[in-house]
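1. coords please:
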Amino acid sequence: AFEAARRANLASAPKAAYAEYQAARASLDSADKAWAEELAKPEFQDAREKNSRAIAAYKQAKEKSEALPALTEKSTEAVIAQFAAARDDFVAARAAADSAKSKALARKGEKLNNLAAIEKTITRAEQFGGATTAASEIQQARSAATKARTLIGQDNLKEGQKELLAAEKSANAALNKAMPAFAEQKKSDAAKAIM
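-> Sure, this is the predicted structure:
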């Protein structure tokens, strides 16, 4: 009975650790999408390091457990303890990843404010006649801004930032193209009025 219990404990220990591995992996992926790597760098790095340690401990315990027939009662307890330690490290990695994600998402409003400023630039370009002189740039800027707003709304700040930068680049290009054309048109209108 004792031997059966020992084997059952050894069989369940890796499953419990693996379940926590999957949870930690999901939290890390979620934090990565929230761009925690940039917006919450220390916390995200801490989560990655804890996860790496847990993976190493899990692999080591797994290798030892595969030698089950040769394991003694004492070595079985050591392997079970190692799986438990790996499980605890995965739990800690998940908590650190969740913390990093929360910190990153706290800057979501900042990204939305940046997006609002870009949308104002697009509107200014249109006011300067950009609908005709910089139509392609305005279309690209609007498309990227819409994608950025959607991605940021879905807490995907990492991809949202890429679209935000693309929108900013196109919006500035549209404004820089529309303003000289608008000024030239006004100059021409003024010359006609003087005549």
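
2. from now on I want contacts and neighbour counts done on CA atoms only, so please keep to that.
-> Will do.

3. contacts only, for the spatially most central residue of the chain.
-> Relative to the mean C-alpha position of the chain, the nearest C-alpha, by CA atoms, centre = their mean, is the one of residue 33, at 1.9 Å. Contacts for residue 33 (CA atoms under 8 Å, 6 or more residues apart in numbering) come out as 155-159.

4. can we see that at 10 Å?
-> Applying CA atoms under 10 Å, 6 or more residues apart in numbering, we find residue 33 in contact with 27, 101, 104, 151-152, 154-160.

5. from those, list the buried ones, please.
-> Judged by neighbour count, with 16 or more other CA atoms under 10 Å as the criterion, the buried members of the contacts of residue 33 are 27, 101, 104, 151-152, 155-160.

6. tell me where the model's unsure across this structure.
-> Low-confidence regions of the chain, defined here as pLDDT under 70, cover residues 68-72.

7. same thing but 80
-> Along the chain, segments meeting pLDDT under 80 span 1-8, 10, 66-75, 181-182, 184-186, 188-189.

8. just the strands in it please.
-> In the chain, no strands are defined using DSSP state E.

9. run a quick neighbour tally on residue 1.
-> When counting by other CA atoms under 10 Å, one arrives at 6 neighbours for residue 1.

10. how about the contacts made by it?
-> Under the criterion of CA under 10 Å, 6+ apart, the contact list for residue 1 reads residue 7.

11. quick check: the gap between it and residue 116.
-> 68 Å (CA to CA, to the nearest Å).

12. swap in residue 55?
-> As defined by CA to CA, residue 55 lies at a distance of 42 Å from residue 116.

13. those two: which is more packed in?
-> The residue with more neighbours, out of residue 55 and residue 116 and counting by other CA under 10 Å, is residue 55; that gives 19 against 14.

14. without its sequence neighbours, what residue ends up closest to that one?
-> Nearest-residue entry for residue 55: residue 86, 7.0 Å, with adjacent residues in sequence omitted and distances by CA to CA, 6 or more residues apart in numbering.

15. likewise residue 161?
-> Across the structure, with CA to CA, 6+ apart as the measure, the residue nearest residue 161 apart from its sequence neighbours is residue 148 (6.9 Å).

16. now do residue 64
-> residue 79 (6.7 Å).

17. that neighbour contacts residue 10, correct?
-> Yes - using CA atoms under 10 Å, residue 79 is in contact with residue 10, at 7.7 Å.

18. between those two, who's got more neighbours?
-> When residue 79 and residue 10 are compared on other CA under 10 Å, the one with more neighbours turns out to be residue 79, at 24 against 20.
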